[in-house]
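*Asks:* Below: sequence and its predicted model.
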Amino acid sequence: MYTFTRLAHKYNFTPPRDPLIFQGRANRHQGDLLVLPVNLYIDKNCKIIITTHQIHSNKQGFIEISKEIFENRNLMFDNLVLLIKEHDYISLKNNQVLFKKCKNYLNDYIDALEKHEIDIKNNLINEKQILEYFKDKKDLRIKLKKLLDDDLAYVKENHPEYIEKWKYYKEFEKMCEELDGK
C-alpha cells in the first residue's frame with residue numbers, strides 16, 4: 001500500500017484507502033480462487049457475492065457477512081469475503097430459516113472450494129518435475145538450451161548477478177553440461 005500511496009501523491013491520483021486489498025493473495029494463475037467471484041442467488045432480488053478483497057475492493061453499499069457465516073472457522077484463504085446488499089441482509093436476517101440454509105450452503109460451498117484448491121495445488125507441476133522431464137528428452141532439452149542461450153545472451157553478458165539467483169535455471173544448465181557436454 002505504501003508504494004501506491006507514494007505513487008498517488010507523486011502522480012496526482014487518488015491514493016488507496018483500504019489496506020485489505022494489499023493483504024492476502026489471489027493468485028489466479030495457479031488456480032487459487034480462480035472461480036471467484038461467485039454469486040449465490042437466494043431469490044430473484046437477493047444475492048450473496050463470494051469474492052476477495054482484491055477482486056471486489058469497492059464494498060460501498062455492501063455488508064460483509066463472512067464472520068457471521070463462518071463464525072470461528074479457519075478458512076484456507078484469509079482474504080475471502082461474503083458481501084450482501086444492506087437491504088438484502090435485513091430481509092435475510094428476518095427469515096432465520098432461510099438464513100440458516102444459506103449459512104449451511106455457504107459453508108458446504110467453501111468446503112468444496114477448499115478441497116478443489118488443494119486438488120489443484122497437488123496436481124501442479126513443479127520445477128523439479130520439469131527438470132526430471134527434460135532428463136529423458138534429449139531433443140527437447142537441446143532445443144530449450146539453445147532457446148535460453150539465445151534469449152538470455154544479453155542478461156548473461158550484462159547482468160550475470162540475476163542468473164546467479166535463478167536456482168532452477170542453474171540446475172538445468174548443470175544437467176545439460178552433465179548429459180550433453182554443453
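*Replies:* Happy to help now that I have it. Numbering: from 1, shown residues only.
*Asks:* Tell me the helices and strands packed up against the top helix by length along the chain.
*Replies:* In the chain, assigned by DSSP state H, the helix with the most residues is helix 96-123. On a contact count with 3 or more CB pairs under 8 Å, 6 or more residues apart in numbering; DSSP states H and E, helix 96-123 meets strand 38-41, strand 47-52, helix 66-70, helix 86-94. C-beta: built from backbone N, CA, C; applies to glycine.
*Asks:* List just the one of the ones you listed that sits closest to residue 160.
*Replies:* Closest approach to residue 160 among the helices and strands packed on helix 96-123 (CB to CB): strand 47-52, 39.0 Å.
*Asks:* that older thread, orientation of the longest helix of the chain relative to strand 47-52 in degrees?
*Replies:* Counting by axes from the mean of the first three to the mean of the last three CA atoms, to 10 degrees, helix 96-123 lies at 30 degrees to strand 47-52.
*Asks:* what does the average pLDDT come to for helix 96-123?
*Replies:* The average pLDDT for helix 96-123 rounds to 90.
*Asks:* same thing with stretch 71-87?
*Replies:* Taken as a whole, stretch 71-87 carries a mean pLDDT of 89.
*Asks:* Give me the buried positions along it.
*Replies:* Within stretch 71-87, the residues scored as buried using 16 or more other CB atoms under 10 Å are 77, 79-85.
*Asks:* Select the helix or strand of this protein having the lowest average pLDDT value.
*Replies:* The helix or strand of the chain with the poorest confidence is helix 2-11; it has a mean of 76 (mean pLDDT, DSSP states H and E).
*Asks:* quick one: the most far-flung residue of the chain relative to its centre and residue 78, what's the gap?
*Replies:* Computed with CA atoms, centre = their mean, the residue of the chain farthest from its C-alpha average is residue 181, at 39.9 Å. In this structure, residue 181 and residue 78 are 50 Å apart, going by CB to CB, to the nearest Å.
*Asks:* Check residue 134 too.
*Replies:* 37 Å.
*Asks:* What are the buried residues along stretch 162-171?
*Replies:* Buried residues in stretch 162-171 (16+ other CB under 10 Å): none.
*Asks:* contacting residues around that stretch?
*Replies:* Stretch 162-171 is contacted by residues 127, 130-131, 148, 152, 155-156 when judged by CB atoms under 8 Å, 6 or more residues apart in numbering.
*Asks:* if you set the cut-off to 6 Å instead, what comes out?
*Replies:* 127, 131, 155 (CB atoms under 6 Å, 6 or more residues apart in numbering).
*Asks:* Over to residue 16. Which of the three states is it?
*Replies:* On the three-state scheme (DSSP: H, G, I helix; E, B strand; the rest coil), residue 16 is labelled coil.
*Asks:* What are the phi and psi values at it?
*Replies:* phi -70, psi 150 (degrees, to the nearest 10).
*Asks:* out of everything not next to it in sequence, what's closest to it?
*Replies:* Computed as CB to CB, 6 or more residues apart in numbering, the closest residue to residue 16 that is not its neighbour in sequence is residue 4, at 5.2 Å.
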